[in-house]
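In: let me see the structure of the following:
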Amino acid sequence: MKTPTPSAEGLADAARAAGKKGLPPVHLWNPPFCGDLDIRIARDGLWYYLGTPIGRPELVRLFSTILKYEDGKYFLVTPVEKVGITVDDAPFVAVDFEVSGEGINQTLTFETQTGDFAPAGSDHPIRVVRDHETGEPSPYVLVRTNLEALIDRKSFYRLVDIGTHANHDGQDWFGVYSGGVFFPIIPSVELNV
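Out: You can find the predicted model right below:
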C-alpha cells in the first residue's frame, strides 16, 4: 500500500482535528517522515505555499500550531505524518509586546503574527544574535518548545527604550528585565563608544 502524498489540505484537516482543545501535543508525536512540502516561512513571518503567500490568517494560525523543530529542521506534524518545510529565519515574528509591572519585577508578554503569546522569563528567554560583519542585532524570544520568534524592529526599539544597565555574569550589560530574569542585549562598554 502506497503512502499518500502529503498535502496542505490534509495537514490542515489533521491540525483542526487535533487542536480542538488548545495546542496539539506535537511534542508527543513521532510519525514517519513523508517528504517535504513546498511551504516556506519568510523572515518577515509571511507563509508561502507553492511560492504564493497564504492569504488566510486562520490557515497560517492552524499550520503554526503543528510546527515542530528537531535535528535542525522544521516540520509540520500530525499524529500520522511529518513533512518538512523551509523557514528562512524563525518560524514566528513577535509583532508587539505588553509590559506589566515595572523595573526588575516587570513582565514583557510578546505577541506573534499568528496570535501566540509568550511572557518573557526563564521559560521564554530572550536572546540577541549580532551579525559578525555588520554588528546588527537580531533579537528572538522563545514561543514554544524549540520555536522562536524574531522580535520585529519596532518592538526591539521599544525594548531598548525600557532597557537598563545591570551586571550579568560578571560583566556590565545593557538589557531588559522580564519575569525576574535579566536578558542582556549589548555590553555596556559598547554603548559608550
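In: could I get the buried residue list for the strand or helix carrying Asp172?
Out: When elements are defined using DSSP states H and E, Asp172 is found to belong to strand 171-178. Of the residues in strand 171-178, those with enough neighbours to count as buried (16 or more other Cβ atoms under 10 Å) are 173-178. Every residue, glycine included, has its C-beta placed from N, CA and C.
In: kindly report the same for stretch 31-39.
Out: Of the residues in stretch 31-39, those buried under the neighbour-count criterion (16+ other Cβ under 10 Å) are 34, 37, 39.
In: try stretch 157-169
Out: In stretch 157-169, counting by 16+ other Cβ under 10 Å, buried: 158-159, 163, 166.
In: likewise for stretch 106-121?
Out: Buried residues in stretch 106-121, counting neighbours by 16+ other Cβ under 10 Å, are found at 106-114, 116, 118-121.
In: now do that stretch: distance to the chain's middle.
Out: Stretch 106-121 sits 10 Å away from the centroid of its parent chain (Cα atoms, centre = their mean, to the nearest Å).
In: please enumerate residues in contact with that stretch?
Out: Here stretch 106-121 makes contact (Cβ atoms under 8 Å, 6 or more residues apart in numbering) with 45, 57, 60-61, 64, 92-101, 124, 126, 141-144, 149, 151, 155, 159, 162, 176-181, 183.
In: got it, and stretch 156-175?
Out: Contacts of stretch 156-175 from elsewhere in the structure, counted by Cβ under 8 Å, 6+ apart, are 97, 99, 106, 108, 137, 139, 151, 176-177, 182-189, 191.
In: of the residues you listed, buried ones?
Out: Among the contacts of stretch 156-175, the ones that count as buried by 16+ other Cβ under 10 Å are 97, 106, 108, 139, 151, 176-177, 182-186, 188.
In: if we can go back for a sec, restricting to C-alpha, output the strand holding Asp172 in CSV.
Out: Extracted C-alpha coordinates of strand 171-178, given in CSV (Å, rounded to 0.1, in the frame of the first residue of the first chain):
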residue,chain,number,x,y,z
GLN,A,171,30.1,42.0,33.0
ASP,A,172,28.1,45.2,32.7
TRP,A,173,25.3,44.8,30.1
PHE,A,174,22.5,46.9,28.7
GLY,A,175,19.4,44.8,28.6
VAL,A,176,15.8,44.2,29.8
TYR,A,177,14.2,42.5,32.8
SER,A,178,11.2,40.3,32.4
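In: partner strands of the helix or strand just after that strand, parallel or antiparallel?
Out: As assigned by DSSP H and E, the chain's next helix or strand after strand 171-178 is strand 181-187. Looking at strand 181-187 with DSSP bridges, its partner strands are strand 171-178 (antiparallel).
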